[in-house]
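Undergrad: this one's sequence-less:
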């Protein structure tokens, strides 16, 4: 998949993850794309670690969305801790 395909998939995964994650996430379109791409990478490497995916195989849509939601949850915890400190 080329760079344009990666950006489009990142945007779709990021938008779905933000829609499914409860709470208010104030981030722009670029951060949403980065979130989606990072969620897909997280799902890929965790899946390879757990032997769900073989080397060179990419994660599926659902796993990518779950990875992005996990990253959103981590981002929320970090953001909450910074605002209270």
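TA: Structure received. Keep in mind that what you see is a predicted model, and the values were worked out from it rather than measured.

Undergrad: what average pLDDT does the longest helix seen in the chain get?
TA: Under DSSP state H, the helix in the chain containing the largest number of residues is helix 61-84. Per-residue pLDDT over helix 61-84 has a mean of 87.

Undergrad: which positions within that helix qualify as buried?
TA: 63, 64, 65, 66, 67, 68, 69, 70, 71, 72 (16 or more other CB atoms under 10 Å). (Glycine included, C-beta is placed from N, CA and C.)

Undergrad: residue 73 and residue 23 touch, don't they?
TA: No. Here residue 73 does not reach residue 23: they are 9.2 Å apart, not a contact under CB atoms under 8 Å.

Undergrad: what is the longest helix of the chain packed up against?
TA: helix 3-20, helix 29-49 (3 or more CB pairs under 8 Å, 6 or more residues apart in numbering; DSSP states H and E).

Undergrad: and residue 59, what does it touch?
TA: 40, 43, 44, 47, 53, 67 (CB atoms under 8 Å, 6 or more residues apart in numbering).

Undergrad: out of these, show me where the pLDDT dips lowest.
TA: residue 53 (83).

Undergrad: and for that residue, the neighbour number?
TA: When counting by other CB atoms under 10 Å, one arrives at 18 neighbours for residue 53.

Undergrad: how much space separates it from residue 21?
TA: 24 Å (CB to CB, to the nearest Å).
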